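# Got a predicted structure plus its sequence, pasted below:
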Amino acid sequence: MSTPNNNYNSTDDENGVMMKVVSGTGGYVLQDVPHLIDYISDLTTHPNPLRFNPAYSVVKQYFVDMGDTVPQKVVVQKDSPRGIHFRRAGPRQKVYFKSDEVSACIVTCGGLCPGLNTVIREIVHSLDYMYGVNKVLGIDGGYRGFYSKNTIDLTPKTVNDIHKRGGTIIGTSRGGHDTSKIVDSIQDRGINQVYIIGGDGTQKGAAAIYKEVRRRGLKVAVAGIPKTIDNDIPVIDRSFGFDTAVEEAQRAINAAHVEAESAENGIGVVKLMGRYCGFIAQYATLASRDVDCCLIPESPFYLEGNGGLFEFIEKRLKENGHMVIVIAEGAGQELLTESLNAKDEQDASGNKLLQDVGLWISQRIKDHFAKQRKIGITLKYIDPTYMIRAIPSNASDNVYCTLLAQSAVHGAMAGYTGFTIGLVNGRHTYIPFNRIIERQNKVVITDRMWARLLSSTNQPSFLRPNDVAEAKKEEQPPTQLLDGDGGKSGN
Ligand SMILES: Nc1ncnc2c1ncn2[C@@H]1O[C@H](COP(=O)(O)OP(=O)(O)OP(=O)(O)O)[C@@H](O)[C@H]1O
Ligand SMILES: O=P(O)(O)OC[C@H]1O[C@](O)(CO)[C@@H](O)[C@@H]1O
Ligand SMILES: [Mg+2]
């Protein structure tokens, strides 16, 4: 049996996750995903059951050509090398599992995100309706559920209307990743397809599971579906639930604006999610037009003195009589730690526990104007953080979740493993774990998109020359949410 592509170089990255790199002409590079036959010989293939499915058999070119790949970078110049590509997702002519052989499981980890239930539903439906698979287990309560809880049977009937609900019907948690206990449980239960829905931490856990599965030589496909309301996963265009979160944030911003506009020198402060990156705040601000100042973790700011936040607030109140500030929860944490003398604390997964920047900044603004006695302000603070992630996904996220789930199922059935499914330049692709976990996605404040926000709010950048130099050093390759060129945000 030949491999889907056996002409590659493979190396271990620093996490020990194998990278398969295929080079082609003109600087073409394919960062490919592993396949079961990379480490198990003599696997039998079967015709894809979709060939006999009336809905699909009429579709022209329904099966993805084995050579199809998707470029990571779409803006190129005449002499640019062809650059990095990812394997295009979708159904293959041949599958590596017989329908009645598959025993799949789904686990959700990390914080909630709109669309989790839709992804669960569509994995169950795709496995059953497309591939005739009816053994699907839900792992209860995140990674630790593999070894500490009973499983939940998932059928098309039991998941039928779950997409209308927020949260995840199988539960989630932080911490509790014990690779060896998890893989023991996979082995003991006879599971051979593992669908892992979660953020950057979860995908690191998925990479560890894949590595252990491979070390034990198990015929188990490990597929990641990226979930992050913060949009902190790199490479992909955006994560599911992000659109819904930005839309829901509008309700809080509207309320803050109404309150601010109705009072003399009214100030509305809205705190939005975003632990290490400010994408929700950035996009909610751009969408709203009622926001006067957006503060995110990537862009340092200061309160006092020339060019500081207090000076800007005074100016805006004089001009407009009211203002709205949107602040991402991870913004200004260094200022808080300094002023509250706070200890470094972590959650069960090792993520930094944040101080409430919304409350802190509201109090600092009130104190400043009380002391200054020139302008009497009325400040209202709105914290909708959990409200924007506990809701069901909107229409466009529902479509997105459906396609992600279907693509994940096609990939696992085709024998691919150790991959995260992701949208790259509008195309569904299989991305190797190491690319997903090597860094976090951040708003690049030297990118044109942040400049667009600054011109939309007309706020100061709060940047000093050395901040610009630091930001330039941290520049990362663009995704569609980072740079409008070629992206849906336009130019
Ligand atoms: N380096 C790692 N190796 C193995 N498992 C990990 C690692 N980092 C995190 N995990 C596990 O992944 C799960 C989820 O991680 P975490 O709580 O950081 O959320 P996340 O997936 O990043 O989602 P989000 O941050 O968007 O809520 C936890 O069970 C955690 O134990
Ligand atoms: O309170 P929890 O559930 O740990 O989640 C809070 C964190 O989860 C996130 O929403 C990411 O999922 C962050 O924005 C936030 O800091
Ligand atoms: Mg995370």
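Received it, and whenever you're ready, just let me know what you need. The structure presented is a predicted model; accordingly, all values stated were derived computationally and were not measured. Numbering: from 1, shown residues only. Ligands and ions are numbered 1, 2, ... in the order given.
# contacts and neighbour counts: CA atoms only from here.
Will do.
# okay, now the domains of the chain?
When the chain is parsed into structural domains using automatic domain parsing, the resulting residue ranges are 9-239+393-437, 242-391.
# quick one: the first one near ligand 2?
The one in question is domain 9-239+393-437. Yes: part of domain 9-239+393-437 sits close enough to ligand 2 to count as contact by C-alpha under 6 Å from any ligand atom, namely 111-112, 228-230.
# about what we covered before: for the domains of the chain, which one sits closest to ligand 3?
Taking C-alpha to the ion, domain 9-239+393-437 is the member of these nearest to ligand 3, at 4.7 Å.
# highest average neighbour count across the domains of the chain?
Ranked by mean neighbour count under mean count of other C-alpha atoms under 10 Å, the domains of the chain are led by domain 9-239+393-437, which reaches a mean of 20.
# Check whether that one comes near ligand 1.
Yes: interface with ligand 1: domain 9-239+393-437 contributes 109-111, 143, 173-177, 198-202, 204-205, 228 (C-alpha under 6 Å from any ligand atom).
# picking that back up, can you check which of the domains of the chain gets nearest to residue 470?
Within the domains of the chain, the stretch nearest residue 470 is domain 242-391; the backing value is 10.7 Å (C-alpha to C-alpha).
# quick one: average pLDDT of that closest one?
Confidence over domain 242-391, taken as the mean pLDDT, stands at 95.
# Now do the end-to-end distance for it.
12 Å (C-alpha to C-alpha, to the nearest Å).
# same check, this time on stretch 90-104
Using C-alpha to C-alpha, one end of stretch 90-104 lies 18 Å from the other.
# Can you tell me which residues in the stretch 201-350 of the chain are near ligand 2?
Where the stretch 201-350 of the chain comes near ligand 2, counting by C-alpha under 6 Å from any ligand atom, the residues are 228-230, 273-275.
# cutoff 8 Å now
228-230, 272-276, 329-330, 347 (C-alpha under 8 Å from any ligand atom).
# Can you name the two of these that sit furthest apart?
Pairwise distances among those were taken by C-alpha to C-alpha; the largest, 19.0 Å, belongs to 272 and 347.
# so who does residue 145 touch?
Residues touching residue 145, when contacts are defined by C-alpha atoms under 8 Å, 6 or more residues apart in numbering, comprise 139, 151.
# ok, which stretches of the stretch 51-200 of the chain are strands?
Read by DSSP state E, counting those that start in this stretch, the stretch 51-200 of the chain holds these strands, from start to end of the chain: 69-71, 83-88, 94-95, 104-108, 136-138, 152-153, 193-198.
# who are the neighbours of the third one, in terms of helices and strands?
Using 3 or more C-alpha pairs under 8 Å, 6 or more residues apart in numbering; DSSP states H and E as the contact criterion, the neighbours of strand 94-95 among helices and strands are strand 46-47.
# ok, the strand it packs on: who's next to it in the sheet?
strand 94-95 (antiparallel) (DSSP bridges).
# Residues contacting the partner strand, please?
With contacts defined as C-alpha under 8 Å, 6+ apart, strand 94-95 is touched by 45-48, 413-415.
# what kind of secondary structure is residue 243 in?
Following DSSP: H, G, I helix; E, B strand; the rest coil, we place residue 243 in the helix state.
# meant to ask about residue 50, not that
Reducing the assignment at residue 50 to three states with three-state DSSP gives helix.
# same question, residue 423
Per three-state DSSP, the local secondary structure of residue 423 is strand.
# now the one 5 residues further on
Of the three states, residue 428 takes strand under three-state DSSP.
# ok, what's across the strand from it?
Per DSSP bridges, the residues bridged to residue 428 are residue 423.
# got the contact list for it?
Here residue 428 is in contact with 88-90, 404, 407, 421-422 (criterion: C-alpha under 8 Å, 6+ apart).
# how about the residues you listed in JSON lines, adding pLDDT?
Putting the contacts of residue 428 into JSON lines (pLDDT from 0 to 100) gives the following:
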{"residue": "88", "pLDDT": "98"}
{"residue": "89", "pLDDT": "98"}
{"residue": "90", "pLDDT": "96"}
{"residue": "404", "pLDDT": "98"}
{"residue": "407", "pLDDT": "98"}
{"residue": "421", "pLDDT": "98"}
{"residue": "422", "pLDDT": "96"}
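# Can you show me the strands along the stretch 251-400 of the chain?
Here the stretch 251-400 of the chain has its strands, by DSSP E, counting those that start in this stretch, at 266-272, 293-295, 322-328, 378-382.
# Next one: stretch 237-253, is it in contact with ligand 3?
No: Stretch 237-253 stays out of contact with ligand 3 when judged by C-alpha under 5 Å from the ion, the minimum separation being 12.2 Å.
# Of the residues of the stretch 201-350 of the chain next to ligand 2, which is the nearest to residue 434?
Closest approach to residue 434 among these (C-alpha to C-alpha): residue 228, at 17.2 Å.
# excluding its backbone neighbours, what's nearest that closest one?
By the measure of C-alpha to C-alpha, 6 or more residues apart in numbering, the closest residue to residue 228 outside its immediate chain neighbours is residue 199, 5.0 Å from it.
# same question, residue 461
Computed as C-alpha to C-alpha, 6+ apart, the closest residue to residue 461 that is not its neighbour in sequence is residue 454, at 6.9 Å.
# No more questions from me, cheers.
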